[in-house]
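A.B. asks: Turn this into a model:
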Amino acid sequence: MANESDQHFYNRADAIIELANTHISDSSRGKASASLMYANSRFAAWVSACGCRNAEELAAAKQQAVDYFVEEFRLMLEENLTDYIENFSLYMTPQDS
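C.D. replies: Just a heads-up that it's a prediction; the model follows:
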């Protein structure tokens, strides 16, 4: 996961979330989330391929890449769900404009 001092990590994540939020008005939260997950998986596949010399090397590394990205996603999801549980009333109560 991100180094706590890496504010750029959180700035990049916030920018991507803001982009996903722009699609909610013409779609839904679920559809925007599905597109975001697909984009993340596509980008992760590209990152994985960049570290290989050929398709055979990528195929040999496939399971290791899947295991890594799935575990990282699980850890991040658990962290964020815990944050929402602990701050539910703050995050989910409509704010006055």
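A.B. asks: Residues contacting the helix or strand hosting residue 39, please?
C.D. replies: If you go by DSSP states H and E, residue 39 is part of helix 29-50. Outside helix 29-50, the residues that touch it by CB atoms under 8 Å, 6 or more residues apart in numbering are 16, 20, 21, 23, 24, 58, 61, 62, 65, 69. For the C-beta atoms, the positions are set from N, CA and C on the backbone; glycine is no exception.
A.B. asks: what angle do the helix or strand following it and helix 29-50 make?
C.D. replies: As assigned by DSSP H and E, the chain's next helix or strand after helix 29-50 is helix 55-86. Helix 55-86 and helix 29-50 meet at an angle of 140 degrees, taking axes from the mean of the first three to the mean of the last three CA atoms, to 10 degrees as the criterion.
A.B. asks: distance of the residue positioned nearest the centre of the chain from residue 33?
C.D. replies: Closest to where the C-alpha atoms of the chain average out (CA atoms, centre = their mean) is residue 40, at 6.1 Å. With distances taken as CB to CB, to the nearest Å, residue 40 is found 10 Å from residue 33.
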